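Colleague: quick one: sequence and predicted model below, then my questions.
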Amino acid sequence: MARPVIALLTDFGLRDHYVAAMKAVALGIAPDVTFVDISHDIDAHDVLAGALELDACYRDFPAGTIFLAVIDPGVGSSRRAIALDTGTYRFVGPDNGVFARIAEASAPTRIVELTEPRYARAAVSRTFEGRDRFAPAAAWLATGVDVAAFGPLLTAICPLEIPEPRVEDDAIVGEVLRVDRFGNLVTNIDRLSVERIPRGRVETDRHAIGMVTATYADVPSGALCAIIGGSGHLEIAINGGRAADVLGLCRGGIVRVRRGA
Amino acid sequence: MARPVIALLTDFGLRDHYVAAMKAVALGIAPDVTFVDISHDIDAHDVLAGALELDACYRDFPAGTIFLAVIDPGVGSSRRAIALDTGTYRFVGPDNGVFARIAEASAPTRIVELTEPRYARAAVSRTFEGRDRFAPAAAWLATGVDVAAFGPLLTAICPLEIPEPRVEDDAIVGEVLRVDRFGNLVTNIDRLSVERIPRGRVETDRHAIGMVTATYADVPSGALCAIIGGSGHLEIAINGGRAADVLGLCRGGIVRVRRGA
Amino acid sequence: MARPVIALLTDFGLRDHYVAAMKAVALGIAPDVTFVDISHDIDAHDVLAGALELDACYRDFPAGTIFLAVIDPGVGSSRRAIALDTGTYRFVGPDNGVFARIAEASAPTRIVELTEPRYARAAVSRTFEGRDRFAPAAAWLATGVDVAAFGPLLTAICPLEIPEPRVEDDAIVGEVLRVDRFGNLVTNIDRLSVERIPRGRVETDRHAIGMVTATYADVPSGALCAIIGGSGHLEIAINGGRAADVLGLCRGGIVRVRRGA
């Protein structure tokens, strides 16, 4: 039988021992798990950025994967600890919006509050629930415990405000949601929206990028291009360069696709 | 049977191939190990920082875990290479103090010098013993070789000077030992010491923090707080912010708990 | 039977989800693989740096290891996707020179172009072949598929210009190929070349370093030294310090070994 996969996403960084402590506790419960680190370099407390990274890759994981996502500005407070089961995947973390998009996309999803003490450590730190509550829960799920055993069913979870593109007469107006390591500007405009604009031309407030091309190499080295990136969203990039630096754009920067002449 | 766990702690960083070389060699000897990275971003040669990160998390690992800790400013010199067996855990690395606290806390501990050539690579680089001596030793331990087979028993290891808090009449005076990714200031004052000060109030040379609260969210957003962190030590933090930046404190900064009125 | 090892080398960084997406896809095909990260912090598009890191460590891995190396400035273009089988190891990635040195060193090596669609994802993104073409290929190799099944045999691959040292009458003139985390300057001069220069003395344009010593600790703390590093090449270092900063040298800086008096 395949070893269960736990995929981790946090804002803990890799310098401190915090991620290791979570894995250590999980291995004590589920010794045969395989860990995959999605990212631990989400900006501190940036729930939206975490939600977007998770959303961009969770479908690439094998069915049965358990996602342990701990970006938790409200650790130790009354915010709930939850687990979701979409039928294909399970998710464990704080109820602060990080799973909002997944719950929408995957309904019907069972959601529970993590209240059952036997699936947490005996003493739960009020400042490190990642180690004492979430990691054990993920590990118990990996051993085969059903999500319903962790606590009462919930009918709704905390929403998350994700900026949505605005549709105008002859254009769609979106914005940059993240800047990746290559300086690519990833927007909230998806492939379908782009395809609805005839002969669409991509632009920012100060630069005309042009039509969407299939890949970076379709423009000369050093030139700006607009592509549909690996997660299916419009990106502005530079072949061999850093669009974010050249355009001076970051998260929130406006990007338009306008009907061509 | 559970797969053996090797937990790694180095100052090698993740940019160079050095950590991978250690894992590669270990996998050649013990193909079914699970690796957990504690940290590879310890400042170069900072044995104290490494010892503190290790001490903060090793008890979270399952019994049987092997810790491979290579912060080794004296690589290739006459400093000894050692392994410790506490009965629960085993540790491999240079004898430079990184294991001093563990040896104290876990007595009786068997300690050996790594001299047996069959458990090192055939040619040991004088500049990369992590790959050629320590990683093989950890892997052989993982396959079940007893620590006594690696070389002669030692009765003492290199000590480590860890700053200890000073107890005064109505106060305990400690210091910041590390600053974490969130800008939290983790001190050397443990929970018991705090509890011995009636109505204790936490302060730095220039700021009054107040009484210890249970978690960040017990103070308003942006406010300073004093908490007992996940490793059981007093921390100064800001709910949603970075105490280190706001207070201008780093390692060595003085923190007091003073008897309240 | 030992679990197959996939060793990863990219310029993707660890902040974005890109490395995780590759592992996710691979686990869906080969659930029992062990991943080892060589580095994901190669500078963006720096094929030479990637080739050097790979070359410095691949021999440390157990036989059968599959290397997935994706530094791919030409992603989506007509550059070929390839796999190599040296008999001992297999390599998967773009044909841009990253494997040139390995193909030379390991002949006879079978090389194929990755054209067989059944070993890629159904839809291959033109901007993320790491996830859609290379990761699946590595995973299928891990399940036991022979390299010949992936596509037509190639007789030559893209070369890579690696700066080679120049031999003069009484000296060998090389250069710095990489600066590691410790500020050590790793050159392209190998141990044999050094040994051919009688009483050789190492120097840069502005500093005399002296004879090669066995390890850092052979010189006083803070002193410059020349050593043969863990990968068998001449390095300039400072015992307990950062040679790169003190000498003001980086990649391309000239290093000479001159016959002594």
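Modeller: That came through fine.
Colleague: list the buried ones in the lowest-mean-pLDDT helix or strand in chain A?
Modeller: Least confident element among the helices and strands of chain A, by mean pLDDT, DSSP states H and E: helix A:100-105 (a mean of 91). If you call a residue buried by 16 or more other C-beta atoms under 10 Å in any protein chain shown, then helix A:100-105 has these buried ones: A:100-103. In this view, the C-beta of every residue, glycine as well, is placed from N, C-alpha and C.
Colleague: stretch A:27-41 now?
Modeller: For stretch A:27-41, burial by neighbour count (16+ other C-beta under 10 Å) applies to A:27-31, A:33-41.
Colleague: smallest gap between the stretch 1-150 of chain A and chain B, at which residue?
Modeller: Minimum separation of the stretch 1-150 of chain A from chain B (C-beta to the nearest C-beta) falls at A:Gly76, amounting to 2.7 Å.
Colleague: tell me how far that residue lies from A:His233.
Modeller: According to C-beta to C-beta, to the nearest Å, A:Gly76 stands 35 Å off from A:His233.
Colleague: still on that earlier bit, check contacts around the residue of the stretch 1-150 of chain A closest to chain B.
Modeller: A:125-127, A:129, B:214-218 (C-beta atoms under 8 Å, 6 or more residues apart in numbering or on different chains).
Colleague: mean confidence for the helix or strand harbouring A:Gly93?
Modeller: Element membership of A:Gly93 [criterion: DSSP states H and E] is strand A:90-94. Average pLDDT, strand A:90-94: 98.
Colleague: for it, packing partners?
Modeller: With contacts defined as 3 or more C-beta pairs under 8 Å, 6 or more residues apart in numbering or on different chains; DSSP states H and E, strand A:90-94 has these neighbours: strand A:66-70, strand A:81-85, helix A:135-142.
Colleague: CA atoms of the first one as CSV?
Modeller: Taking C-alpha atoms only, strand A:66-70 is exported to CSV below (Å, rounded to 0.1, in the frame of the first residue of the first chain):
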residue,chain,number,x,y,z
ILE,A,66,-3.3,15.2,3.7
PHE,A,67,-2.5,19.0,3.7
LEU,A,68,-1.2,20.5,6.9
ALA,A,69,-1.5,24.3,6.5
VAL,A,70,-0.5,26.4,9.4
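Colleague: show me what that strand is packed against.
Modeller: Against strand A:66-70 (3+ C-beta pairs under 8 Å, 6+ apart) you get strand A:5-10, helix A:18-29, helix A:47-57, strand A:90-94, helix A:135-142.
Colleague: identify the bridge partners of A:Ala208.
Modeller: Here A:Ala208 sits in beta bridges with A:Glu203, going by DSSP bridges.
Colleague: pLDDT score for A:Pro220?
Modeller: With respect to pLDDT, A:Pro220 scores 94.
Colleague: next one: the one 4 residues further on
Modeller: Reported pLDDT at A:Leu224 in the predicted model: 96.
Colleague: give the bridge partners for it, please.
Modeller: Counting by DSSP bridges, A:Leu224 is bridged to A:Ile238.
Colleague: would you agree it is in contact with A:Ala244?
Modeller: No. Contact criterion C-beta atoms under 8 Å: A:Leu224 and A:Ala244 do not qualify, at 11.5 Å.
Colleague: how about A:Met21, what does it touch?
Modeller: Met isn't right for residue A:21; it's Ala. A:128, A:130-131, A:135, B:56-57, B:60, B:230.
Colleague: run the last query once more with 7 Å
Modeller: Taking C-beta atoms under 7 Å, 6 or more residues apart in numbering or on different chains as the contact definition, A:Ala21 lies against A:131, B:57, B:60.
Colleague: mind checking how far A:Asp32 is from B:Thr143?
Modeller: A:Asp32 sits 18 Å away from B:Thr143, going by C-beta to C-beta.
Colleague: that should have said A:Arg15, apologies.
Modeller: Relative to B:Thr143, and taking C-beta to C-beta, A:Arg15 is found at 31 Å.
Colleague: try A:Gly200
Modeller: According to C-beta to C-beta, A:Gly200 and B:Thr143 sit 60 Å apart.
Colleague: between the two, tell me which one has more neighbours.
Modeller: Shown here are A:Gly200 and B:Thr143; by other C-beta atoms under 10 Å in any protein chain shown, A:Gly200 has more neighbours (24 against 12).
Colleague: first-to-last residue distance for stretch A:139-156?
Modeller: 24 Å (C-alpha to C-alpha, to the nearest Å).
Colleague: need the residue closest to the centroid of chain A.
Modeller: In chain A, the C-alpha nearest the mean C-alpha coordinate belongs to A:Leu54, at 2.3 Å (C-alpha atoms, centre = their mean).
Colleague: shouldn't that one be in contact with A:Thr10?
Modeller: No. Using C-beta atoms under 7 Å, A:Leu54 is not in contact with A:Thr10, being 11.0 Å away.
Colleague: give the residues shared as contacts by these two.
Modeller: Shared contacts of A:Leu54 and A:Thr10, defined by C-beta under 7 Å, 6+ apart, are absent.
Colleague: enumerate the residues of the stretch 101-250 of chain A near chain C.
Modeller: Proximity of the stretch 101-250 of chain A to chain C (C-beta under 7 Å from any C-beta of the partner chain) is limited to residues A:180-182, A:214-217, A:227, A:229-230, A:240.
Colleague: check contacts around A:Gly183.
Modeller: With C-beta under 7 Å, 6+ apart, A:Gly183 has these contacts: A:242-245.
Colleague: what about A:Val167, how many residues nearby?
Modeller: For A:Val167, using other C-beta under 10 Å, the count is 12.
Colleague: what sits against it?
Modeller: A:Val167 touches nothing, counting by C-beta under 7 Å, 6+ apart.
Colleague: hey, what's it bridged with?
Modeller: In beta-bridge terms (that is, DSSP bridges), A:Val167 pairs with A:Ile172.
Colleague: tell me how far it lies from A:Val194.
Modeller: In terms of C-beta to C-beta, A:Val167 sits 12 Å off from A:Val194.
Colleague: and A:Val147, by the same measure?
Modeller: For A:Val147 relative to A:Val194 (C-beta to C-beta), the value is 37 Å.
Colleague: burial check on the residue nearest to A:Asp16 when sequence neighbours are not counted, number of neighbours?
Modeller: Counting by C-beta to C-beta, 6 or more residues apart in numbering or on different chains, A:Asp16 lies nearest to B:Asp180, which is 4.8 Å off, once chain neighbours are set aside. Using other C-beta under 10 Å, B:Asp180 has 21 other residues around it.
Colleague: find me the pLDDT at B:Asp180, would you?
Modeller: 97.
Colleague: tell me where the model's unsure across chain A.
Modeller: Along chain A, the parts satisfying pLDDT under 70 run over A:1.
Colleague: show me the contacts for A:Pro4.
Modeller: A:30, A:33, A:64, A:66, A:142.
Colleague: spatially, which two of these are the most separated?
Modeller: Using C-beta to C-beta, these reach their maximum pairwise distance at A:Ala30 and A:Gly64, which is 12.7 Å.
Colleague: return the residues of the stretch 51-200 of chain A in contact with chain B.
Modeller: Going by C-beta under 7 Å from any C-beta, the residues of the stretch 51-200 of chain A near chain B are A:73-77, A:125-128, A:131.
Colleague: redo that, cut-off 10 Å
Modeller: A:72-79, A:121, A:125-132, A:135 (C-beta under 10 Å from any C-beta of the partner chain).
Colleague: filter the residues you listed down to the buried ones.
Modeller: A:72-77, A:79, A:121, A:125-132, A:135.
Colleague: tell me how far the closest residue to A:Asp218 other than its chain neighbours lies from A:Ile238.
Modeller: Spatially, and ignoring its direct neighbours in sequence, A:Asp218 is nearest to A:Cys225 (6.7 Å; C-beta to C-beta, 6+ apart). Using C-beta to C-beta, one obtains 7 Å as the distance from A:Cys225 to A:Ile238.
Colleague: between those two, which contacts overlap?
Modeller: Taking C-beta atoms under 10 Å, 6 or more residues apart in numbering or on different chains as the criterion, A:Cys225 and A:Ile238 both touch A:184, A:216, A:219.
Colleague: show me which of these is closest to chain B.
Modeller: A:Asn184 (21.2 Å).
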